[in-house]
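1. structure for this input, please:
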Amino acid sequence: MSDLTRPCGTCGFAVETPVARLSAATLGVFSDARFPGRCVLVLDHHAEHFESLAPDVASRFMADAQRAARLIRSVTGAPRINYVMLCNQVPHLHLHLFPRGGPGDSNPRVSPWELAELETPMAADELEALREQLDAALAEHP
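-> The predicted model follows:
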């Protein structure tokens, strides 16, 4: 088992398709055909509340979110990113990043959860290609 896919020892949450470890979190690509390039940024240690993070960890997590958003936009060409941090279903601090406004986005003005289309997994080869593109973009812009 890769260190990037190892589940949290406290809650068991794990990144299913990891791209890379960043400063305070691991970036993973999410299998959602509605939003190619959707990613999740998972804090590397267990925490349930953003406000409980030490200031330096919170700062590094937000810097990771900025870096991830730049990567997603560079790979997908999306004009916008939606940032969603709920943590009410999975008790481990994580941030969803949704590329929005691209050609396949049926309604970019509503939240991803308000769309009529159901979440559909990506084909495995498409997901892997996207993971590789994000990894390559990360290597180009460390």
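2. now tell me what touches the longest helix along the chain from outside.
-> In terms of residue count, the longest helix belonging to the chain (DSSP state H) is helix 55-76. Residues outside helix 55-76 that contact it (CB atoms under 8 Å, 6 or more residues apart in numbering): 22-25, 27, 36-37, 39, 41, 43, 47, 50, 53, 78-79, 81, 83, 93, 95, 97, 99, 102, 130, 133-134, 137-138, 141. No exception for glycine: its C-beta is placed from N, CA and C like everyone else's.
3. please repeat the previous calculation with a cut-off of 6 Å.
-> By CB atoms under 6 Å, 6 or more residues apart in numbering, the list of residues contacting helix 55-76 from outside reads 22-25, 27, 37, 39, 41, 81, 95, 97, 99, 133-134, 137-138.
4. also stretch 104-116?
-> Applying CB under 6 Å, 6+ apart, the set of residues contacting stretch 104-116 is Phe98, Arg100, Gly101.
5. the residue most central in space within the chain: which element?
-> Nearest to the geometric centre of the chain sits Val40, at 1.9 Å (CA atoms, centre = their mean). Counting by DSSP states H and E, the element that carries Val40 is strand 39-43.
6. buried stuff in stretch 62-74?
-> For stretch 62-74, a neighbour-count test (16 or more other CB atoms under 10 Å) marks Met62, Asp64, Ala65, Arg67, Ala68, Ala69, Leu71, Ile72, Arg73, Ser74 as buried.
7. would you mind measuring from the first one to Ser23?
-> Summarising the geometry, the distance separating Met62 from Ser23, computed by CB to CB, to the nearest Å, is 10 Å.
8. what's the average pLDDT for whichever strand or helix holds Thr26?
-> For Thr26, the host element (DSSP H and E) is strand 25-29. Mean pLDDT, strand 25-29: 97.
9. please apply the same query to stretch 120-131.
-> 96.
10. what residues of it count as buried?
-> So for stretch 120-131, counting by 16+ other CB under 10 Å, buried means Met122, Leu127, Leu130, Arg131.
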